[in-house]
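Engineer: Need coordinates for the below:
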Amino acid sequence: MKLIVVDIQKGITDDRLYDFNTFISNTVKIIDTARDNGIEVIYVQHDDGPGTGFSVGDEEFEIADQVTPEKNEKIYIKTVNSCFGNKEFTSYLENEKEDTLIIVGLQTNFCIDATVKSAFDRGYKVIIPEGTNSTFDNDYMNKKTTCEYYNDMMWPNRFADCVSLEKAVLMMQEKSGRS
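Structural biologist: Numbering: from 1, shown residues only. The predicted structure follows:
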């Protein structure tokens with residue numbers, strides 16, 4: 001089991017997100033639980049390219065202060081929606097022979113959805129803890145409806161196990177033998 005923290009970066013981590021405070025609180029709890037139970041936490045950052053304001057070296061590109069990685073935690077950079085677009089990330093997971101990924105982060109309808117489906121296509125069991133992904137309003141749906149669409153309809157029983165925060169915590173504790 002590994003925890004993948006996707007694109008929680010300064011430029012998009014603010015109260016414009018759906019249920020921002022719950023998202024941050026739940027995500028911090030999942031990260032802390034993973035660390036407390038010896039589950040590797042891996043960070044992925046999205047790079048829109050030089051000159052965009054959301055690229056390596058830009059303040060908005062940096063990982064948000066609420067979820068700062070520890071010194072020993074891996075950080076990968078991607079330039080496409082799915083984390084699996086980074087070949088080093090993909091190779092690392094393949095070499096680890098990991099079968100379960102807990103995926104949290106931003107944005108529900110972009111990089112989280114692409115990563116969930118890419119992980120599923122590669123045979124991983126995907127876990128999505130409740131309230132650990134979020135997004136903004138878009139031209140088709142408001143942010144609440146968008147999050148509900150993916151977490152309640154699109155992913156469950158297809159691509160991922162969408163579970164309560166408490167169940168995700170218990171799963172991590174059981175994995176480490178500390179339940």
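Engineer: Okay, now the unreliable bits of the protein?
Structural biologist: 178-179 (pLDDT under 70).
Engineer: Please report how far residue 109 lies from residue 16.
Structural biologist: 14 Å (C-beta to C-beta, to the nearest Å). Any C-beta I mention is one placed from the backbone N, CA and C, and that applies to glycine too.
Engineer: who has more neighbours, those two?
Structural biologist: Taking neighbours as other C-beta atoms under 10 Å, residue 109 and residue 16 compare with residue 109 leading, 21 against 12.
Engineer: Just to be sure, the more buried one is in a helix?
Structural biologist: Yes: under DSSP: H, G, I helix; E, B strand; the rest coil, residue 109 falls within a helix.
Engineer: my guess is it contacts residue 135, does it?
Structural biologist: Yes: here residue 109 reaches residue 135: they are 5.3 Å apart, a contact under C-beta atoms under 8 Å.
Engineer: between these two, what contacts are shared?
Structural biologist: residue 146 (C-beta atoms under 8 Å, 6 or more residues apart in numbering).
Engineer: which residue ranges form the strands in the protein?
Structural biologist: In the chain, the strands defined using DSSP state E lie at 2-6, 40-46, 75-78, 100-106, 125-129, 133-134, 161-163.
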